[in-house]
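Visitor: Build the 3D model from these lines:
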Amino acid sequence: MRPSTQKIRYVASDEQTCKEVAAVLGTAIGKPDLQWLSFGDGQVKTTMESHGVAPLMAGLLVELNAAIRTGLIREDYDRHPLAMGKVKAEEFAQEFASAFK
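Guide: Purely as a prediction, here's the structure:
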């Protein structure tokens, strides 16, 4: 829990699901069938460890992903209104596509 004197400012320009972002980026890079795939926590941890990620770190990354997937990580964000920025995913996708190529 953060001290009551601490202020947090959230900065966002767009809110889309992972599947929506994958579709936007895929279209921009010429891969319109690009998909966001989900894997079980155990499979992710095992795969990371098999690629040399330390078990503690793999566990922490799985925990972070679970907090993102369940919405736990954005609870505070959702309680605080914010003014959205101007850059939307479709605009960013064009810049991403230039760097990707």
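
Visitor: And the lowest-mean-pLDDT helix or strand in the chain, what's buried?
Guide: Ranking every helix and strand in the chain by mean pLDDT, DSSP states H and E puts helix 75-79 at the bottom, with a mean of 90. Neighbour counts over helix 75-79 (16 or more other C-beta atoms under 10 Å) mark no residue as buried. For the C-beta atoms, the positions are set from N, CA and C on the backbone; glycine is no exception.

Visitor: And the strands in this protein?
Guide: Applying DSSP state E to the chain gives no strands.

Visitor: what residues are up against the most centrally placed residue in it?
Guide: Among the residues of the chain, residue 18 comes closest to the average C-alpha position under C-alpha atoms, centre = their mean, at 6.9 Å. If you count contacts by C-beta atoms under 8 Å, 6 or more residues apart in numbering, residue 18 has them with residue 36.

Visitor: Tell me, what's the model's pLDDT at it?
Guide: In this model, residue 18 is scored at 91, pLDDT.

Visitor: residues making contact with the least confident helix or strand of the chain?
Guide: Contacts for helix 75-79 (C-beta under 8 Å, 6+ apart): 8, 10, 71.

Visitor: next one: that helix to chain centre, how far?
Guide: 16 Å (C-alpha atoms, centre = their mean, to the nearest Å).
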